[in-house]
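Undergrad: Okay, sequence plus prediction incoming.
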Protein chains: 2
Amino acid sequence: METTRASTAKGAADNQGTDNGAESLVKTLLACGVDTCFANPGTSEMHFVAALDRIPGMRCVLGLFEGVVTGAADGYARMADKPAATLLHCGPGLANGLANLHNARRANTPVVNIVGDQATYHRPLDAPLTADTEGWARPVSVWTRTAQRADQVGADAAAAVQAARTAPGGVATLILPSDVCWEPGGRVAEPLPDIPAPRVSPDAIDAAARILRSGQPTLLVLAGAALRQTPLADAHRIAAATDARLITPMSNARVTRGRGLLAIERIPYVGDAARARLAGIRHVILIGAPTPVTFFAYPGKSARPYPEDAQIHVLARPEQDLADALARLADAVGAATAPPAPTVAQAAVTPAKGAVTSEAVAQTLTALLPEHAVVIEESISFGRAFYPGTVHAAPHDWLQLTGGAIGEGLPLAVGAAVAVPDRRVIALQADGSGMYTVQSLWTMARERLDVTVVVLANRKYAILLGELAGVGANPGKTALDMLDIGNPDLDWVSIAAGMGVEGARAADMETFADLFATANRRKGPFLIELVI
Amino acid sequence: METTRASTAKGAADNQGTDNGAESLVKTLLACGVDTCFANPGTSEMHFVAALDRIPGMRCVLGLFEGVVTGAADGYARMADKPAATLLHCGPGLANGLANLHNARRANTPVVNIVGDQATYHRPLDAPLTADTEGWARPVSVWTRTAQRADQVGADAAAAVQAARTAPGGVATLILPSDVCWEPGGRVAEPLPDIPAPRVSPDAIDAAARILRSGQPTLLVLAGAALRQTPLADAHRIAAATDARLITPMSNARVTRGRGLLAIERIPYVGDAARARLAGIRHVILIGAPTPVTFFAYPGKSARPYPEDAQIHVLARPEQDLADALARLADAVGAATAPPAPTVAQAAVTPAKGAVTSEAVAQTLTALLPEHAVVIEESISFGRAFYPGTVHAAPHDWLQLTGGAIGEGLPLAVGAAVAVPDRRVIALQADGSGMYTVQSLWTMARERLDVTVVVLANRKYAILLGELAGVGANPGKTALDMLDIGNPDLDWVSIAAGMGVEGARAADMETFADLFATANRRKGPFLIELVI
């Protein structure tokens, strides 16, 4: 998270008391460094839209569905390290965006979530679109406020930005009644200061160092801001000095990695595999990570992926300064410089040929990934080899949906591409989850975003077929029909064309490699339907 | 709402105490007459899915997004007069379905809304997908319960069905932790009795009759169950005897109408038009309708579509017996038989030619609408002439989204087509709102539903352009870009083809008439993109 913002509060200087509420809000957002708005507006937001027209500086990106908007705001902030605004329409518009706000919450992503709503005096009349906007927002938000007056909405916006940016970051929801927008007397607010992330106590460093020096098998679980290269290098110093193992949760907001960079593995998704991987661990030290837990419970299985007798220790909570904690811990254990990243002969990595497998896709990604790409992964079953298999790809950032609410891959790609327009975005997207927010393709076309979408088309909810088998049932037609998304097969090339995105189909690795290399050299989006 | 159900509780008879929770739940639903399940399941629902496999009798319809599922459940119950079940996955899956549950709430539609969730003992561990499922459900639900034990979940299901069916009907949400499904000891519950809608008091009838006999201009506002032909005929008897005027809210769950049937107009959407239409009214009598209110507030405008000095009276609340109230009121005012429906020379109505206008589409619908069609209207700007202009079309039911949460037209069509497979469903669908739940097309193809989708493609959020003009702004590029959904134009024929639905484009009324007539004779779905 950057710690300074435009100190010339341009909007504030312009404020002559002639702004309406909406205008003071837009100027305050700009003064606070929020210059991108992902939007799906409605009637109650027209004064806000009109204000965006009159005040230059806000990039507005339209989504045809709110799940696109909120997922894009998540992806944007992960790459821009500052929040975007959303613009949603009333309770139901917010509801359509909740699933990806849930993901953003789990990613600790800063989002200034603006929800236009009924006028303050209209809400009690219970018009058809009136809903419990605040009640729906609160579970995904670190901060929720309904603006009440035009002369305060600027200050509300500044508070929302501060709340969103306060470590570890979160969704700040500002509900905006239409009369608060249209009433005169808006006052532009100055940005509020960033609140520094608290440092962990010396005692916490000492306690962790003691454990590490004990020689007992110890696991460091890193998440959030600990997954950038500097703190990760400190973690590797610690590991080299103490034989501790490093790992991340199974889903992460952003991991910087690739050839020449230090790598970190993830806790496997499947509980049995995770328990096998973590067998023998005696101590688990959390650095910005929650206590590891399996996604779901299963009859007779532990909900924990680590041994029952392992002890859990918290070095740093998510809202603390994780990089500082790792640097100090490295010093405390007397760690030397980090080991060099493992190398691989680049010539040995060539695009895969033949049948489409998870490993083959990873190999081709390793060979052909553009430098500094942003990779979005939403492919939990077929994609199992993607992350481990791309450790030697060109340096990149790897983004996942973090809350398990499927349908965020394509929106994340939209937001990331807006945030870092000089980097190629690669969306590795399962077909079932891709359909949730398929409208993202249209925004990619409209904004000419440099996104290569790879749809992994297995034409089923593959993850669920495995789960159904786990139930012990011998599945019959009813069950299979509910997990099969063929009949009819989705034609992704046709769907994409209908939204203005060119695409092509591949059913073998040679065709895929050709299409992937070509797509990445284009300007604008391209979709590859990879039949698997 | 039918008042009897299968009294042979088939499931109950079969219950030998060997069911798990999921099996007892499915058997109870069947015993309660719930035999259709719109589903988008996830891991936590696999035991439910397995139970559906083992127990015959439940038709399962898969949606590729939860908004399709919940909107389809709404459309189904409106036409079947009994609830379907949904099957959603955890809090975020529910969230994706909330907007159309909001519409269902406003329609008073019975829905048995089943949300699978984390195991009871897993929820406190806050795994990534864990969310505030109950908190999100409550604002749209008349009844919310989280099942706690396998031996009680059957009784929970019976209570949910009863709650959903109790007049005027509503969403009953049953949250289903996975361990409640897989644990043994499930007990199938007997259906609970229907609770009759209470009759209005004699005093209420007398009061309304006195107002009607006063000779002062009086408006009867009818909604819900009052919009079927028998109560509507009683309302027309009253109107004929007393000069009262009849009207419905601007959006209704279901109106039975058409050639040879009695008609009823709607309160106009635009406040000024509504106030002009209702000028001079002194008394407003509500029969199952809320006090009329404009959709939104506007600066300096009244939020009420009726004169400020009009008095509001409640003859019957939505949960009371509306048909009984109208019949008794008709008798109380000494009304004779209802007047005959107005007639029109059928030969005079031929399909329109030339340019595409709202009136021309209404004319073609009047000429070509199949007998007993179900018409879904989600086209608030271009569609202004559709309802008034089709009063002489063949008899049909007219369904609208009732809560203003756009994106329900195509899901309603799915549900209606499943409910009444012998009737053609015509979805009059604006393009902007159609994109919200475009995944509905795939379910139409998969289930070979007899739906003709007419996409009214104006390539903009036309309603919002009008609203923006109302703000008084001279819109600039930023604002116009946020209301323009061209650039790129959506190619609906290509999108539909990608989901297995054949389609064609029309840009004049002759082509539209040809396509519309042909489409309605087909088996299965067809999409017409009508460029307007």
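TA: That came in fine, so what should we check first?
Undergrad: From here on, just use CA atoms for contacts and neighbour counts.
TA: OK.
Undergrad: wait, is A:Val455 part of a strand?
TA: Yes. Under DSSP: H, G, I helix; E, B strand; the rest coil, A:Val455 falls within a strand.
Undergrad: For it, name its beta-bridge partners.
TA: A:Val455 has these beta-bridge partners by DSSP bridges: A:Gln429, A:Glu529.
Undergrad: burial count for it?
TA: 25 (other Cα atoms under 10 Å in any protein chain shown).
Undergrad: My read is that it contacts A:Phe526, right?
TA: No. Between A:Val455 and A:Phe526 there is no contact under Cα atoms under 8 Å: 10.8 Å.
Undergrad: The stretch 151-300 of chain A against chain B: which residues are in contact?
TA: Counting by Cα under 8 Å from any Cα of the partner chain, the stretch 151-300 of chain A comes close to chain B at A:Ser178, A:Asp179, A:Trp182, A:Val293, A:Thr294, A:Phe295, A:Phe296, A:Ala297, A:Pro299.
Undergrad: Turn those into TSV, including neighbour count and pLDDT.
TA: Formatted as TSV, those follow (neighbours: other Cα atoms under 10 Å in any protein chain shown; pLDDT from 0 to 100):
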residue	neighbour count	pLDDT
A:Ser178	29	96
A:Asp179	26	96
A:Trp182	24	95
A:Val293	22	96
A:Thr294	25	95
A:Phe295	24	93
A:Phe296	21	94
A:Ala297	24	93
A:Pro299	13	92
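Undergrad: now, among those residues, which is nearest to B:Ala323?
TA: If you rank those by distance to B:Ala323 using Cα to Cα, A:Ser178 comes first, at 38.7 Å.
Undergrad: ok, the closest residue to chain B within the stretch 101-250 of chain A - contacts?
TA: Residue of the stretch 101-250 of chain A nearest chain B, by Cα to the nearest Cα: A:Pro128 (4.7 Å). Residues in contact with A:Pro128 (Cα atoms under 8 Å, 6 or more residues apart in numbering or on different chains) are B:Arg106, B:Phe295, B:Thr402, B:Gly403, B:Gly404.
Undergrad: residues contacting the closest residue to chain B within the stretch 301-450 of chain A?
TA: As assessed by Cα to the nearest Cα, chain B sits closest to A:Gly403 within the stretch 301-450 of chain A, at 4.7 Å. By Cα under 8 Å, 6+ apart, the contact set of A:Gly403 is A:His102, A:Asn103, A:Ala104, A:Arg105, A:Arg106, A:Ala107, A:Ser251, B:Pro128, B:Leu129.
Undergrad: Need the three-state assignment for A:Pro339.
TA: Quick answer, by three-state DSSP: A:Pro339 is coil.
Undergrad: Same question for the one 4 residues further on.
TA: Secondary structure assignment for A:Thr343 (three-state DSSP): coil.
Undergrad: Count the residues that sit near it.
TA: When neighbours are counted by other Cα under 10 Å, A:Thr343 registers 11.
Undergrad: again, but for A:Thr109
TA: 28.
Undergrad: and what of A:Ser214?
TA: 11.
Undergrad: So, low pLDDT: which residues of the stretch 251-400 of chain A?
TA: Confidence mapping of the stretch 251-400 of chain A against pLDDT under 70 gives the ranges A:344-348.
Undergrad: same thing but at 50, please
TA: The model of the stretch 251-400 of chain A has no residue with pLDDT under 50.
Undergrad: now swap in chain A and tell me
TA: Ranges of chain A meeting pLDDT under 50: A:1-15.
Undergrad: how does chain A divide up, domain by domain?
TA: Domain segmentation of chain A under the TED database yields A:21-182, A:202-333, A:358-531.
Undergrad: deepest of these, which one?
TA: domain A:21-182 (a mean of 25; mean count of other Cα atoms under 10 Å in any protein chain shown).
Undergrad: what about A:Thr144, which SS state?
TA: Going by three-state DSSP: A:Thr144 is strand.
Undergrad: Show me what it bridges to in the sheet.
TA: Beta-bridge partners of A:Thr144, as defined by DSSP bridges: A:Thr173.
Undergrad: related to what we said a few turns ago, for the residue of the stretch 301-450 of chain A closest to chain B, which three-state class applies?
TA: Going by three-state DSSP: A:Gly403 is coil.
Undergrad: A:His102 versus that one, what's the distance?
TA: Between A:Gly403 and A:His102 the distance, using Cα to Cα, to the nearest Å, works out to 6 Å.
Undergrad: what's the closest of the residues of the stretch 151-300 of chain A next to chain B to A:Ser358?
TA: A:Phe295 (22.0 Å).
Undergrad: thinking again about what came up before, tell me which two in the residues of the stretch 151-300 of chain A next to chain B are the farthest apart.
TA: Taking Cα to Cα, no two of these sit farther apart than A:Trp182 and A:Pro299, at 55.9 Å.
Undergrad: which residues touch the helix or strand containing A:Asp53?
TA: In this assignment (DSSP states H and E), A:Asp53 forms part of helix A:46-54. The contact list for helix A:46-54 (Cα under 8 Å, 6+ apart) reads A:22-23, A:26, A:41, A:58, A:178, A:181-182, B:464, B:467-468, B:471, B:473, B:475-479, B:482.
Undergrad: which stretches of the stretch 51-200 of chain A form strands?
TA: Taking DSSP state E, counting those that start in this stretch to define them, one finds strands in the stretch 51-200 of chain A at A:59-62, A:85-89, A:111-117, A:143-146, A:171-177.
Undergrad: would you list those in CSV and tack on distance to B:Arg257?
TA: Formatted as CSV, those follow (distance: least, Cα to Cα, whole Å):
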stretch, distance to B:Arg257
strand A:59-62, 39
strand A:85-89, 33
strand A:111-117, 34
strand A:143-146, 43
strand A:171-177, 38
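Undergrad: who touches A:Ala427 in this structure?
TA: A:Val375, A:Ile376, A:Glu377, A:Glu378, A:Gly409, A:Leu410, A:Ala413, A:Val451, A:Thr452, A:Val453, A:Val454, A:Val455.
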